[in-house]
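>>> Predicted structure and sequence below. I'll ask about it afterward.
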2 protein chains.
Amino acid sequence: MFSKATEYALRATIYIAQRSSVDNKLSIHEIAKAIDSPVSFTAKILQLLTPGNKVISAVRGPKGGFYITEQCKKLPVRAILIAMGESEILDKCVLGLNKCSEAKPCPMHSQYKHIKQQLISLFETKTIQQLAEDIDDGTAFLNVKKN
Amino acid sequence: MFSKATEYALRATIYIAQRSSVDNKLSIHEIAKAIDSPVSFTAKILQLLTPGNKVISAVRGPKGGFYITEQCKKLPVRAILIAMGESEILDKCVLGLNKCSEAKPCPMHSQYKHIKQQLISLFETKTIQQLAEDIDDGTAFLNVKKN
DNA sequence: ATAATTAAAGACAAAGTTATCTTTAATTAT
DNA sequence: ATAATTAAAGATAACTTTGTCTTTAATTAT
């Protein structure tokens, strides 16, 4: 469904939301190890989420690292998708027609749109915090290792 | 959602189902033009659908070209996805975890699985023929041009 | 048989995605 | 101030996907 980059962004953000705070920042090494992603590539990806503290925050230097504000934890998952530039997946025609519309629908349009709508609403209503809490609860997991 | 290759495969197959018959085969040029795809690339893609007349059929030489049998028209859309090797999209974890399961679900798992199930059932129940008929009916379209 | 026409096969090129490595800049502690 | 630590920035490489072009093989018509 999503690119590797977006998958890493989602996992990293959830991990940061679950483990970090302003005075317990996480290094890119810890994050990448935890979510099983390549370190440098993950660093690059997180740079898409940090400008203006859009989704997560980063500070350089000793005691630096990544964290997320309480405010940003309240953001819907879609905020990550938007920052990753993958929001159009949810607008695109299944057949790849750029002119697919209600007026000129592709032959999958009428059924596919309902499913797409559910995806949009899932990503719009589910917050980063909720995902992190599911892991805290032990009702969900980010990997196979013990949390 | 799908790769360009799979989008072209879907569009091409629908076009062939709508316009071809055993004694009215379509050239790769006509198909590519109709579905607005690069000719040679489309030719390559259709080679994934022809072996053993899996989805469509092809014959070389004058009066040759592509067509689809009545039998293959009855195939679900998913047959195209399988031939294109894109069937795992519908199995994959949204977060890209390879160990995501009912026992160890990712934090999106429980909601995402229902949506995925609808996608699977859409691609499983919808046949190539049905899509072609929608175009015949004028209730659906493959492009912006007049049919 | 020969020529014409069509898809198949194969080599290659361009672009995009994923990944690595090195250098720079910011911050902290000494 | 200096050294240490951390993310940011930038260059580059590997791999995948998308796309093109040429040659070959099959089929038909003459």
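Thanks, I have it. Numbering: from 1, shown residues only, chains lettered A, B, ... in the order given.
>>> Contacts for stretch A:105-123, please.
A:76-78, A:81, A:90, A:93-95, A:97, A:100, A:102, B:14, B:77, B:108, B:111-112, B:114-115, B:118-119, B:122, B:126, B:130-132, B:134-135, B:139-142 (CB atoms under 8 Å, 6 or more residues apart in numbering or on different chains). Quick note: C-beta positions are derived from backbone N, CA and C, even for glycine.
>>> Quick one, which of those residues are buried?
Using 16 or more other CB atoms under 10 Å in any protein chain shown as the burial test, the contacts of stretch A:105-123 include A:76-78, A:81, A:90, A:93-95, A:97, A:100, B:14, B:77, B:108, B:111-112, B:115, B:118-119, B:122, B:126, B:130-132, B:134-135, B:140-142 as buried.
>>> Looking at those, which are in helices?
Secondary structure from DSSP state H places A:77-78, A:81, B:14, B:77, B:111-112, B:115, B:118-119, B:122, B:130-132, B:134-135 of those in helices.
>>> ok, these vs residue B:50, which is closest?
If you rank those by distance to residue B:50 using CB to CB, residue B:14 comes first, at 15.9 Å.
>>> Mind pulling up the pLDDT for the closest residue to that closest one other than its chain neighbours?
Once flanking residues are discounted, residue B:14 sits nearest to residue B:131: 4.9 Å by CB to CB, 6 or more residues apart in numbering or on different chains. The model reports residue B:131 with a pLDDT of 98.
>>> Residue A:144 now?
Residue A:144 is assigned 55 on the pLDDT scale.
>>> try residue A:113
pLDDT at residue A:113 comes out at 96.
>>> What's the local residue count around it?
15 (other CB atoms under 10 Å in any protein chain shown).
>>> do the same with residue A:125
For residue A:125, the count of nearby residues is 12 (other CB under 10 Å).
>>> How about residue A:71?
Residues contacting residue A:71 under the criterion other CB under 10 Å number 8.
>>> Distance check, it against DNA strand D.
Separation of residue A:71 from DNA strand D (CB to the nearest atom of the strand, to the nearest Å) stands at 18 Å.
>>> wait, is that residue part of a helix?
Yes - under DSSP: H, G, I helix; E, B strand; the rest coil, residue A:71 sits within a helix.
>>> contacting residues around it?
Residue A:71 touches nothing, counting by CB under 8 Å, 6+ apart.
>>> roughly how far apart are it and DNA strand C?
19 Å.
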